[in-house]
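Asks: kindly generate the corresponding structure for this input.
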Amino acid sequence: MIRLSVNINKVATLRNARGGNVPDVVRFALDCERFGAEGITVHPRPDERHIRYEDVRDLKKVLRTEFNIEGYPTESFMKLVCEVKPHQVTLVPDPPGVLTSNAGWDTKKEASFLKSIISTLHAEGIRSSLFVGADEEMVNAAAACGSRRIELYTEPYASAFPNTPADAIRPFVKAAQIAGELGLEVNAGHDLNLHNLAFFAQTVPGLCEVSIGHALISDALYLGIENTIQIYLAKLHQS
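Replies: Numbers count the residues shown, from 1 in each chain. Modelled structure (predicted):
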């Protein structure tokens, strides 16, 4: 079964826009779990413009499902995740000021750096995942870095899907097949939504987990969070 991890960054963005604690990020995460989400994802950035480091600590105390922390491995980020010890850390190559993740790692060029970071995570008992594009060389190099999983950056798929679904999915199927041959597990995320998720989940082999935030939280404004999570789960498990 493919797991749905809800990225709650946008909930924290809304809270931070006004100050105070409305909406309550921790309560929202617990409600997501209660409504069927199989994981919670956060991406704390250095400026804490949405998820704050203290949110991460508070969430760790109460979450019952898988906790996935995304981020660029700065010294402060690594200190945080080694303290909190989530189930998974997804390493992304975001520069500090970027609006949202917009590319995967060059796992060949950054191999030495990534090997060191991944070794630290594994020593702390944390599963590693590398955010990569659907590129054979990058997948091969991710395995050589020692990562346990990759997360496929799916924005190119989402952009091409409305016009040419078969062409859009092809490189992701190939990347997932290669990952499986190398012993890597496969996650996916970025711009997956109610229109393109079912086809992706049905077609990409060995998919373990999808992480969805912006689209899911936006849908919840119209449909309610409980209903939205159930619809996403149905799309994931549609045969």
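
Asks: can we go C-alpha only for contacts and neighbour counts from here?
Replies: Noted.

Asks: can I assume Arg57 is in contact with Cys82?
Replies: No. Counting by CA atoms under 8 Å, Arg57 stays clear of Cys82, with 11.3 Å between them.

Asks: so Glu70 sits in a strand?
Replies: Yes. Counting by DSSP: H, G, I helix; E, B strand; the rest coil, Glu70 is found in a strand.

Asks: give me the number of residues near it?
Replies: Applying other CA atoms under 10 Å, we find 22 other residues in the vicinity of Glu70.

Asks: I'd guessed it sits against Thr90; true?
Replies: Yes. Counting by CA under 8 Å, Thr90 is a contact partner of Glu70 at 4.5 Å.

Asks: contacts only, for Ser147.
Replies: Residues in contact with Ser147 (CA atoms under 8 Å, 6 or more residues apart in numbering) are Ile118, Ser128, Ser129, Leu130, Leu184.

Asks: which of those residues fall in strands?
Replies: Where the contacts of Ser147 overlap with strands, as defined by DSSP state E, the overlap consists of Ser128, Ser129, Leu130.

Asks: can you put those residues in JSON lines and add pLDDT, neighbour count and distance to Asp106?
Replies: Output for these, formatted as JSON lines (pLDDT from 0 to 100; neighbours: other CA atoms under 10 Å; distance: CA to CA, whole Å):
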{"residue": "Ser128", "pLDDT": "98", "neighbour count": "22", "distance to Asp106": "16"}
{"residue": "Ser129", "pLDDT": "98", "neighbour count": "26", "distance to Asp106": "14"}
{"residue": "Leu130", "pLDDT": "98", "neighbour count": "31", "distance to Asp106": "10"}
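
Asks: can you give me phi and psi for Tyr136?
Replies: Rather than Tyr, residue 136 is Glu. When quoted as degrees, to the nearest 10, the phi and psi of Glu136 stand at phi -60, psi -40.

Asks: burial of it, as a residue count?
Replies: Here the number of neighbours of Glu136 (other CA under 10 Å) works out to 17.

Asks: find the nearest non-adjacent residue to it, please.
Replies: The spatial neighbour of Glu136 that comes closest, neighbours along the chain excluded (CA to CA, 6 or more residues apart in numbering), is Ala175 at 5.9 Å.

Asks: model confidence for the one you found, exactly?
Replies: According to the predicted model, the pLDDT of Ala175 comes to 98.

Asks: please identify which helix or strand holds it.
Replies: helix 165-181 (DSSP states H and E).
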